[in-house]
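have a look; sequence and predicted model below, questions after that.
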Amino acid sequence: MNRLRFKRPRLKLAAEPYRALRNEVLARDSWRCQCCGSAKDLQVHHLRSRSKLGDDVLENLITLCAICHKQQHNGTAGQRKAGI
């Protein structure tokens, strides 16, 4: 007999605490994309996506620029050279 595994609820912060966490991530990463080093159009990316129970916690977030973030979601990450 197969036992069902229940998913644990993910930690999803409300808007204001998430904004504070986002700023903490950006500061930790020295306000630079951790893929290419850019300081423009920075975004915070979930290493383990929310849809796969990725929590809103410091250890699950990384700073990426908009281009690297898009590449990460498209599966083409790492194809951009630093300084471009």
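Done, it's in. Keep in mind it's a predicted model, so treat the numbers as computed, not measured. Numbers count the residues shown, from 1 in each chain.

could you look up the SS state of the residue nearest to residue 29 when sequence neighbours are not counted?
Nearest in space to residue 29, with sequence neighbours left out and distances taken as CB to CB, 6 or more residues apart in numbering, is residue 63 at 3.8 Å. From N, CA and C alone the C-beta is placed, and that goes for glycine too. Classification of residue 63 using DSSP: H, G, I helix; E, B strand; the rest coil returns strand.

residue ranges of the helices in this structure, please?
15-28, 66-74 (DSSP state H).

need those in TSV (columns: mean pLDDT and mean neighbour count).
Listed next are the helices of the chain as TSV, based on pLDDT from 0 to 100; neighbours: other CB atoms under 10 Å:
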stretch	mean pLDDT	mean neighbour count
helix 15-28	96	13
helix 66-74	94	16
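
do you know which of the ones you listed lies nearest residue 35?
The minimum distance between residue 35 and the helices of the chain falls on helix 66-74, with 4.0 Å, by CB to CB.

related to what we said a few turns ago, shouldn't the residue nearest to residue 29 be in contact with residue 44?
Yes - if you go by CB atoms under 8 Å, residue 63 and residue 44 touch, sitting 6.1 Å apart.
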